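Asks: here is the input, now give the coordinates:
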Amino acid sequence: MPTDLVIRPIRSSDLAAWRPLWDGYNAFYGRAGETALPEERTRILWERFFDEQVPMHALVAELDGQVVGLSHYLFHLSTTRPGGVCYLQDLFTAPALRGKGVGRALIEATAAAAKAQGSERLYWQTHETNATGRALYDRVAQHQGFIVYGRDV
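Replies: Coordinates of the predicted model:
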């Protein structure tokens with residue numbers, strides 16, 4: 001991991017640096033061009049990071065003054081964990097820096113934020129084809145065998 005890597009909470013002044021990473025994350029999951037998220041959804045997400053009434057948070061990784069990674073996470077209650085849990089919803093590192101420890105540093109910082117909040121568990125999901133991400137995830141967490149289903153309502 002680069003020694004001058006800084007993981008910090010996102011700031012409103014980070015929008016221009018965050019946006020290409022957010023767009024890259026969405027493109028990775030097939031949300032680009034005709035299938036891109038509506039601009040309104042990105043605007044709402046951005047506003048949520050700075051709304052103290054919303055349990056959604058963001059961290060960025062900064063290297064040499066450049067934002068090179070992001071972590072978006074939220075806290076929620078759990079039926080089995082009285083302290084609640086933390087869901088790491090989005091994690092993305094600039095492609096040129098993959099394998100350099102940025103993703104791991106973001107996961108560890110998210111875990112620290114979860115622990116500080118009183119959460120008992122940090123969890124996330126990824127697509128089965130995300131081999132690069134899964135190689136890291138297998139080193140820092142345990143795949144628990146669950147299969148995720150989703151349905152728009």
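Asks: what's the pLDDT at residue 2?
Replies: The per-residue pLDDT reported for residue 2 equals 66.
Asks: same question, the one 4 residues further on
Replies: Looking at residue 6, its pLDDT stands at 97.
Asks: direction included, what does the lengthiest strand in the chain pair against?
Replies: The longest strand of the chain (DSSP state E) is strand 66-76. Strand 66-76 sits in its sheet next to strand 56-63 (antiparallel), strand 85-93 (antiparallel), going by DSSP bridges.
Asks: how far does it sit from its chain's centre?
Replies: Computed by CA atoms, centre = their mean, to the nearest Å, the chain-centroid distance of strand 66-76 equals 4 Å.
Asks: that one - what's its average pLDDT?
Replies: Mean pLDDT, computed over strand 66-76, is 97.
Asks: any chance you could give me it in CSV, C-alpha atoms only?
Replies: This file holds the C-alpha atoms of strand 66-76, laid out as CSV (Å, rounded to 0.1, in the frame of the first residue of the first chain):
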residue,chain,number,x,y,z
GLN,A,66,-6.0,12.9,-6.0
VAL,A,67,-9.1,10.9,-5.0
VAL,A,68,-8.4,7.4,-6.2
GLY,A,69,-11.1,5.3,-4.5
LEU,A,70,-14.4,5.3,-2.8
SER,A,71,-16.4,3.4,-0.2
HIS,A,72,-20.1,4.0,0.4
TYR,A,73,-21.7,2.3,3.4
LEU,A,74,-24.8,2.4,5.6
PHE,A,75,-25.8,1.2,9.0
HIS,A,76,-29.0,-0.7,9.7
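Asks: list the buried ones in it?
Replies: 67-73, 75 (16 or more other CB atoms under 10 Å). (C-beta placed from N, C-alpha, C; glycine too.)
Asks: most widely separated two among these?
Replies: Largest separation among the buried residues of strand 66-76 by CB to CB: 68 and 75, giving 25.2 Å.
Asks: got the contact list for the longest helix seen in the chain?
Replies: Taking DSSP state H as the criterion, the chain has its longest helix at helix 102-117. Contact with helix 102-117 is made by 1-2, 5, 7, 57, 59, 61, 63, 68-71, 73, 75, 84-86, 88, 91, 93-94, 121-122, 133, 136, 139-141, as judged by CB atoms under 8 Å, 6 or more residues apart in numbering.
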